[in-house]
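**Q** All I have is the shape, not the residue letters:
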């Protein structure tokens, strides 16, 4: 092979190596830009989540204040409590329903007639922030005559759902609730039977049978939904 041919071959290899190096450099730059963009997007998502969480916390505290002030004189008589997340818990099972039944007892109807219109009047001030108002039925893990866990669970699923629905129906039909409020309630009011999925435990971590049998009114905010969407988007990316 002549010197000229060898020079051309070396030049060709050098050009190819230079081209490959340029490709690798472009890939590296693109990768770094992608990483930087990802970091920026993560930071933006963190900022958005922090802002949403801060707004949600302010609303939660204000709503808690209003609910507590409104019902301060009733909670003891109703055997009810307002939790930090603004759940209103009715915890007197013998007042709510007969054992194994889903028909509201007279005393519980009286309580709901006093409670629900006032409750909705407050919530409507936060209507733009509320995704759902859930009426939840909760039971203990007991079921008379049933020892198998699956049977007890399924029977209590049905019972808790019927109780939540019966409570929703009574509240929705309350004569103190206006038609305008019912229009809003149709969008947000839900009945959920949770069986004994969320038991209340004693200090020794055993089930508190009486306290586990309860009805709760729970507010779900749109902030929670927005946070979920951000988390889902970050996972997909």
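**A** Received it, and whenever you're ready, just let me know what you need. Keep in mind that what you see is a predicted model, and the values were worked out from it rather than measured.

**Q** Any stretches of this structure with poor pLDDT?
**A** 1-26, 28-43, 45-53, 224-237 (pLDDT under 70).

**Q** As a check, name the ranges of all strands in it.
**A** 80-82, 88-90, 130-138, 189-193, 214-221 (DSSP state E).

**Q** As a markdown table, the ones you listed with mean neighbour count and distance to residue 65 would be great.
**A** C-betas here are computed from N, CA, C, even on glycine. A markdown table is the format used below for these (neighbours: other CB atoms under 10 Å; distance: least, CB to CB, whole Å):
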| stretch | mean neighbour count | distance to residue 65 |
| --- | --- | --- |
| strand 80-82 | 18 | 10 |
| strand 88-90 | 20 | 14 |
| strand 130-138 | 21 | 17 |
| strand 189-193 | 18 | 23 |
| strand 214-221 | 22 | 14 |
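
**Q** can I get those strands in CSV with distance to residue 150?
**A** CSV is the format used below for those (distance: least, CB to CB, whole Å):
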stretch, distance to residue 150
strand 80-82, 32
strand 88-90, 28
strand 130-138, 19
strand 189-193, 16
strand 214-221, 23
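
**Q** how about the ones you listed, which one is nearest residue 68?
**A** With CB to CB as the criterion, residue 68 lies closest to strand 80-82 of the strands of the chain, at 5.7 Å.

**Q** and the closest one, which strands flank it?
**A** Looking at strand 80-82 with DSSP bridges, its partner strands are strand 88-90 (antiparallel).

**Q** Tell me which residues are up against the strand it pairs with.
**A** 67, 71, 78-83, 96, 108, 111, 115, 119, 214-218 (CB atoms under 8 Å, 6 or more residues apart in numbering).

**Q** And for stretch 100-117?
**A** 71, 74, 78, 80, 88, 90, 95-98, 144, 159, 162-163, 165-167, 170-171, 174, 176-177.

**Q** and that stretch, how far out from the chain's middle?
**A** Relative to the chain's own centre, stretch 100-117 is displaced by 25 Å; criterion: CA atoms, centre = their mean, to the nearest Å.

**Q** So for residue 153, which of the strands of the chain sits nearest?
**A** Of these, nearest to residue 153 by CB to CB is strand 189-193, at 11.4 Å.

**Q** where do the helices sit along the protein?
**A** Secondary structure of the chain (DSSP state H): helices located at 3-71, 75-78, 93-96, 106-123, 149-172, 179-188, 209-212, 222-236.
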